[in-house]
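[1] Output the structure for:
(chains A, B, C and D)
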Number of protein chains: 2
Amino acid sequence: MSAVEAPARQMNLAERIYQNLKQDIFDFQLLPGDRFSESEIAKRMQASRTPVREALYRLERDGYVQVHFRSGWQVRPFDFHYFEDLYDVRILIETEVVKRLCEAPDRNVRLAGLMTIWCCKESQRISDSAEVAMLDENFHYGLVECSKNQEMVNIHKDVCERLRIIRRLDFTQSGRIEATYNEHSEILERICAGDADLVAQDLRHHIEISKNTVREITLHRIQDARNRYAVDMSMK
Amino acid sequence: MSAVEAPARQMNLAERIYQNLKQDIFDFQLLPGDRFSESEIAKRMQASRTPVREALYRLERDGYVQVHFRSGWQVRPFDFHYFEDLYDVRILIETEVVKRLCEAPDRNVRLAGLMTIWCCKESQRISDSAEVAMLDENFHYGLVECSKNQEMVNIHKDVCERLRIIRRLDFTQSGRIEATYNEHSEILERICAGDADLVAQDLRHHIEISKNTVREITLHRIQDARNRYAVDMSMK
DNA sequence: GCTCTGTAACTTGTATACAAGGTTGAATTC
DNA sequence: GAATTCAACCTTGTATACAAGTTACAGAGC
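    Below you'll find the model as predicted:
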């Protein structure tokens, strides 16, 4: 029962390949719709097909790729309807969590960490969009972790990870950073005030802003992102 | 886009082994805590280790088994806290769904199938507990499918499947069948009436009955179930 | 009897060989 | 030129061989 679990899980080849492939998908190195074979990946990762297959089947279950019988693999094409459904699940879980939080007597303690980050002076706010994007994710993870329901945490994390691929296109818009700070701090303060209905409404609205931007994202923008990424890489 | 997906997915060896192993776990042929090796399974399933491994890694991700580094596999031990968390997720999803249903103008049409099964005369009710258990599962699936949110359906299905291992111990109690009929029919009628708050309350209560029985289940009862199953098998 | 040690028999992780079905494209036929 | 055929080459699915690490137990030493 002690050190059996994930903590010190040494990196298998399969694990490493899984992480790398997922990162490639997030970075649009592998574009939605792209087809590829196991041998191709094996060659690129300098490994045999066995660990590659293991990684691919995990990615398939995650919903990132799909296998065609004896006919290669494919990065799962974008499906905006799918993303919107995921956003709804996020809204459902997070609003439930904040409602519960509003009834917890020790909510101030539980939220202390988040409050130091988000309810700070304007001068202390972070302006780097990549960094804020990460903080934003952690904000929402942090809320759900307060629920003390590990399965809710797992499912929520899963959903957010599947959404990450499009969320990262979100923080490029100007004004989004400031708005995020304002919305997060308001949510936290209202939780402390115990305003269950109001805060659920705020949170729903906050997430729906992201949800609505999904519709605007086109394959063209994805292609752009890829090009930008390629340039970034060559400059390092 | 036509016949690419799951429908005609022919049974791989890996797929077959996955299903068989899961069934063994459900039937308590493999008891929580049991340890076993890949070769063992391969021998029993008359296949090589390759498809066995694929199946095992899927089961691991599903949360049924865990692998110990170069030291065999184990059926994940029971953790009642885990099951209660899952029940909470079920409650959250299903209450959300019925709330939405109460606002849908065409809810009578969507629910027609369920109503013929559950809102029938007492004389037409089914009394076989295994059959009712299956109908019960389909009732809850059916509700969520009405939500038109495929991801919610998927997650809910996943959660229910993970709960199935203990839910099947539930319908043995006398009176449970009649109560299920009464509760389901009341829920359906109240949805049609559009009573969002009342119906959510009913549903929550209905699921919490199951949730509370979890606490009563002990490993001893599981052992019993296994013995009973072994007897059933030998009688065939 | 107890502790330690080393080895033999296991385990999973990875690479590779082969089987069986899918795809493609050039040659053939009309 | 257009349609068809068929073979070479691809793909994944499965079995097997080997590498590397873990476990269990017999036997030595005390």
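
[2] Pretty sure A:Y181 sits against A:C119.
    No - distance between A:Y181 and A:C119: 9.1 Å, which falls outside the contact criterion (Cβ atoms under 8 Å). The C-beta positions use only the backbone N, C-alpha and C, and glycine is treated the same way.

[3] ok, these two, which is more surrounded?
    Ranked by neighbour count (other Cβ atoms under 10 Å in any protein chain shown), A:Y181 and A:C119 place A:Y181 first, with 20 against 15.

[4] what packs against the longest helix anywhere in chain A?
    Criterion DSSP state H: the longest helix present in chain A is helix A:80-103. Using 3 or more Cβ pairs under 8 Å, 6 or more residues apart in numbering or on different chains; DSSP states H and E, the elements in contact with helix A:80-103 are helix A:107-118, helix A:129-145, helix A:150-167, helix A:176-193, helix A:196-214, helix B:80-103, helix B:150-167.

[5] for that helix, which positions count as buried?
    A:82-83, A:85-98, A:100-102 (16 or more other Cβ atoms under 10 Å in any protein chain shown).

[6] And stretch A:204-217, by the same measure?
    In stretch A:204-217, counting by 16+ other Cβ under 10 Å, buried: A:204, A:206-207, A:210-211, A:214, A:217.

[7] so which pair among those residues is furthest apart in space?
    With distances taken as Cβ to Cβ, the most widely separated pair in the buried residues of stretch A:204-217 is A:R204 and A:I217, at 21.0 Å.

[8] re earlier: with mean pLDDT and distance to DNA strand D as added columns, please give the helices and strands packed on helix A:80-103 in TSV.
    Output for these, formatted as TSV (pLDDT from 0 to 100; distance: least, Cβ to the nearest atom of the strand, whole Å):
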stretch	mean pLDDT	distance to DNA strand D
helix A:107-118	94	36
helix A:129-145	92	31
helix A:150-167	92	22
helix A:176-193	93	39
helix A:196-214	91	30
helix B:80-103	95	24
helix B:150-167	92	21
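
[9] these two touch, right, A:R168 and A:I25?
    No - in this structure A:R168 lies outside contact range of A:I25 using Cβ under 8 Å: 11.7 Å.

[10] Please identify every residue contacting each of the two.
    With Cβ atoms under 8 Å, 6 or more residues apart in numbering or on different chains applied, the contact sets of A:R168 and A:I25 do not overlap.

[11] To which secondary structure element is the residue in chain A sticking out farthest from the centre assigned?
    Farthest-out residue of chain A from its mean C-alpha position, per Cα atoms, centre = their mean: A:R70, at 31.7 Å. Assigned by DSSP states H and E, A:R70 belongs to no helix or strand.

[12] Pull up the gap between it and A:L59, please.
    19 Å (Cβ to Cβ, to the nearest Å).

[13] So if we follow the domain assignment, how does chain A break up?
    A:6-77, A:80-219 (automatic domain parsing).

[14] Okay, the nearest residue to A:N12 once chain neighbours are set aside and DNA strand C: tell me how far apart.
    Distances taken as Cβ to Cβ, 6 or more residues apart in numbering or on different chains put A:P51 closest to A:N12, at 6.8 Å, once the chain neighbours are dropped. A:P51 sits 4 Å away from DNA strand C, going by Cβ to the nearest atom of the strand, to the nearest Å.

[15] Surely A:P51 is in a helix?
    Yes - under DSSP: H, G, I helix; E, B strand; the rest coil, A:P51 sits within a helix.

[16] Does A:Y64 touch A:Q23 like I think?
    No - if you go by Cβ under 8 Å, A:Y64 and A:Q23 don't touch, sitting 11.1 Å apart.

[17] Looking at these two now, which is surrounded by more residues?
    Neighbours per residue (other Cβ under 10 Å) separate A:Y64 from A:Q23, with A:Y64 holding more: 20 against 11.

[18] how close does the more buried one sit to B:E84?
    31 Å.

[19] And A:R90, by the same measure?
    A:R90 is 23 Å from B:E84, by Cβ to Cβ.

[20] which one is A:A179 nearest to, not counting chain neighbours?
    Of all residues not flanking A:A179 in the chain, A:I209 sits nearest, at 7.9 Å (Cβ to Cβ, 6+ apart).

[21] Number of residues surrounding A:V144?
    Counted with other Cβ under 10 Å, A:V144 comes out at 23.

[22] can you list the residues of chain A near DNA strand C?
    Within chain A, the positions lying close to DNA strand C (Cβ under 7 Å from any atom of the strand) are A:12-14, A:47-51, A:54, A:68-71.
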